[in-house]
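# take this sequence and fold it.
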Amino acid sequence: AMGKPGLAVQFQAPALADFTSEEIGELGFRQGDLLTVLTTEAPNGWCIARNASGAEGLIPETYVERPLDETSMPEPATSFDPFRAATIEMRVQQTGAEVNQSLKKLELVPPPMPEENTRGRMLAGFEAAEKGELTVPAGANVVILSRVGVPEGWVLASFGKQSGLLPATYVGEFTPEMEA
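Have a look, this model is predicted:
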């Protein structure tokens with residue numbers, strides 16, 4: 001399979017707040033759960049993550065904090081933000097208890113999901129080659145969650161309890177008569 005850009009964003013981070021999954025394909029979690037972010041190739045504001053028990057699904061990006069390392073600092077030096085730098089410094093100096101106190105005040109709101117939720121049928125089986133992809137057998141019914149914010153030629157779909165990326169060409173139209 002072709003490697004897709006951006007799929008290798010993998011880090012582990014504790015959840016900053018509780019999140020209840022309301023839509024198909026979302027992964028619910030509690031504050032403090034350790035989540036592994038597999039990829040940010042997802043609709044804007046969302047990413048695909050795995051929880052400690054191995055379930056994968058969509059989570060709002062703002063609910064996990066990226067580890068502070070050079071690779072994940074997107075700001076170029078020109079847009080140096082002294083307030084942000086001071087905040088990070090303060091956060092690093094705070095003790096764990098204080099950090100927990102400050103997190104409780106966070107009011108996090110998940111971004112809107114571009115809902116498509118159309119049904120599709122697998123024309124051929126697909127074996128996940130990269131993290132964030134789905135393995136689905138031929139003939140299975142899947143739910144297409146979104147074509148927005150995913151790599152070209154792919155769709156974000158859910159199958160059973162998992163959600164992830166599938167090549168668009170593998171997913172055909174779902175027609176109810178086929179169920180017979």
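
# the nearest residue to residue 166 once chain neighbours are set aside: what's it in contact with?
With CB to CB, 6 or more residues apart in numbering as the criterion, residue 166 has its nearest non-adjacent residue at 4.9 Å, and that residue is residue 157. C-betas here are computed from N, CA, C, even on glycine. Counting by CB atoms under 8 Å, 6 or more residues apart in numbering, residue 157 makes contact with 25, 120, 134, 136, 142-145, 163-166, 171.

# tabulate these (CSV), appending pLDDT, distance to residue 66 and neighbour count.
Output for those, formatted as CSV (pLDDT from 0 to 100; distance: CB to CB, whole Å; neighbours: other CB atoms under 10 Å):
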residue, pLDDT, distance to residue 66, neighbour count
25, 89, 22, 25
120, 92, 32, 21
134, 93, 24, 24
136, 95, 30, 25
142, 93, 30, 23
143, 91, 29, 18
144, 91, 28, 19
145, 89, 23, 28
163, 88, 21, 27
164, 92, 21, 28
165, 93, 21, 26
166, 95, 26, 25
171, 94, 31, 22
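
# from residue 153, how far off is residue 173?
17 Å (CB to CB, to the nearest Å).

# show me the beta-bridge partners of residue 35.
Counting by DSSP bridges, residue 35 forms beta bridges with residue 13.

# so what's the residue count around it?
21 (other CB atoms under 10 Å).

# would you mind measuring from it to residue 122?
28 Å.

# returning to what we had before: out of the contacts of residue 157, which sit inside helices?
Assigned to helices by DSSP state H, none of those qualify.

# in CSV, list the residues you listed along with distance to residue 43.
What follows is those, written out as CSV (distance: CB to CB, whole Å):
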residue, distance to residue 43
25, 10
120, 17
134, 16
136, 20
142, 17
143, 14
144, 12
145, 8
163, 11
164, 13
165, 12
166, 15
171, 17
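
# what is the nearest of those residues to residue 55?
Distance to residue 55, by CB to CB, is smallest for residue 163 among the contacts of residue 157, at 9.8 Å.
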